[in-house]
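Okay, sequence plus prediction incoming.
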Amino acid sequence: MLTSTILALQDAAVAMDPQAAKEYLSLLGSGLGLGLTMIGAGLGIAWIGGNAVQGIARQPEAAGNIQTSAIILAALIEGAALFALVITLLYKLL
């Protein structure tokens, strides 16, 4: 379905002037990039959180270490997602 949508947009872009075509296709690329970034970051943080809860349930005495590690890993994922969002927005602006 996505391929047919992209092909339809490319066909429509042929009929318009090059500047407008660049604008529309860059909006499409930015939207896809932003969406994929958010999905990936959400899945990564959810995976870390779920595994941290399971680890704490199995070893309650190690809860502090597990929680600290999970927070650090979630922050690293958040940083990578923010970097990807900035790159995607720069792609749109240029």
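That came in fine, so what should we check first? Residues are numbered from 1 along each chain as shown.

Contacts only, for residue 30.
Contact analysis of residue 30 by Cβ atoms under 8 Å, 6 or more residues apart in numbering lists 88, 89, 91, 92. Where you see a C-beta, it was placed from the backbone N, CA and C, and this is true even at glycine.

name the helices or strands packed onto the helix or strand harbouring residue 68?
For residue 68, the enclosing helix or strand under DSSP states H and E is helix 63-93. For helix 63-93, the elements it packs on are helix 18-58, judged by 3 or more Cβ pairs under 8 Å, 6 or more residues apart in numbering; DSSP states H and E.

Now residue 74: closest residue in space that isn't a chain neighbour?
Setting aside the residues directly before and after it, residue 74 is nearest to residue 45 in space (Cβ to Cβ, 6 or more residues apart in numbering), at 5.1 Å.

And the pLDDT for the one you found?
Residue 45 is assigned a predicted lDDT (pLDDT) of 94.

Next, work out how far apart it and residue 35 are.
As judged by Cβ to Cβ, to the nearest Å, residue 45 and residue 35 stand 16 Å apart.
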